[in-house]
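> just a sequence and a predicted model for now, questions to come.
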Amino acid sequence: MAEFSKTEQDYLKAIYQLQQSQETADELVGVTDIANYLKVSAPSATEMIKRLAKKDLIEHKKYYGVCLKSEGYKEARFILKSHRVWETFLVAKAGYDLDEVHAEAENLEHSSSRKLIERLHALMAYPATDPHGSEIPQEHFWQDEIIQLSLTAASVMVGERYEVRALTAAVREFLSELELSEPKFITLLSILADGSFVVKTDDNARFVIPHFQKKDWQVNYYK
Ligand SMILES: [Zn+2]
């Protein structure tokens, strides 16, 4: 995978944001607009744009402006996701105030791997918006895989519905003793004092997943 510098990422994000703010998103963005947006001089914007075009991240039509090509678009969406996942995480999990998070996210967005961002997003059960109400891109940027977690590691909330991705042989045996078929989805109904889960399947079959067995259930949050 291509590596991007912080400056390149800031330009791609700026072009994306400017494109989005236009009436039609495929319209070209002027170099002056980019320079103003990033508070840099026009010559340095021009120089950077040439570099991004050379890397095939954007298309530069002289005198008309620029637009993102597919790799540049993808990277811009990733940086946006990184920024917004961090803002969400800082408010939801780290006790930050809403007005403190933007500055932190501006730095964190560049230093986070795709794996880290997808893990954080999954751990928070794939929020669709950040605390400011902006859309968090939902596409996966890491190995194009849905992240599986064990029921022990998943963030647990009563009412949460999980997609069952993989079960151990012990769980399959346990289910067949209960005369249950392997469920595709389970919803957490309550948590018992010893940590065991009372769950139901989509067919309304209810059963208890013993605490010690939760590690054997690989699940994915289901939206
Ligand atoms: Zn922000």
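Right, received. Where do you want to start?
> now residue 141: how far from residue 178?
In this view, residue 141 and residue 178 are 39 Å apart by C-beta to C-beta, to the nearest Å. (Each C-beta comes from the backbone N, C-alpha and C, glycine too.)
> which one of these two is surrounded by more residues?
Neighbour comparison, residue 141 and residue 178: the larger count goes to residue 141, with 20 against 11 (by other C-beta atoms under 10 Å).
> the more buried one and residue 116, how far apart?
Distance, residue 141 to residue 116, by C-beta to C-beta: 11 Å.
> again with residue 204
Distance of residue 204 to residue 116, given as C-beta to C-beta: 38 Å.
> what about those two, which has more around it?
Neighbours were counted for residue 204 and for residue 116 using other C-beta under 10 Å; residue 116 has more, 15 against 7.
> can you classify the more buried one by secondary structure?
Assigned by DSSP: H, G, I helix; E, B strand; the rest coil, the conformation of residue 116 is helix.
> contacts only, for it.
By C-beta atoms under 8 Å, 6 or more residues apart in numbering, the contact set of residue 116 is empty.
> please redo it, this time with the cut-off set to 10 Å
Shown in contact with residue 116 (C-beta atoms under 10 Å, 6 or more residues apart in numbering): 82, 85-86, 108, 142.
> what comes up buried for the strand or helix carrying residue 109?
According to DSSP states H and E, residue 109 maps onto helix 101-111. For helix 101-111, a neighbour-count test (16 or more other C-beta atoms under 10 Å) marks 101, 104-105, 108-110 as buried.
> give the other helices and strands that it contacts.
Helices and strands touching helix 101-111, by 3 or more C-beta pairs under 10 Å, 6 or more residues apart in numbering; DSSP states H and E, are helix 6-21, helix 70-93, helix 114-123.
> just checking, residue 140 touches residue 122?
Yes. Between residue 140 and residue 122 there is a contact at 9.4 Å, judged by C-beta atoms under 10 Å.
> compare those two (neighbour count), which wins?
In this view residue 140 and residue 122 are compared by other C-beta under 10 Å, and residue 122 has more residues nearby, 21 against 16.
> surely the more buried one is in contact with residue 148?
Yes. Residue 122 lies in contact with residue 148 (C-beta under 10 Å); the separation is 8.9 Å.
> what touches both of the two?
Residues touching both residue 122 and residue 148 (C-beta under 10 Å, 6+ apart) are 154, 220.
> ok, and for the helix or strand residue 45 falls within, which residues are buried?
For residue 45, the element it lies in under DSSP H and E is helix 42-54. Residues 45, 48-49, 52-53 are the ones in helix 42-54 that count as buried (16+ other C-beta under 10 Å).
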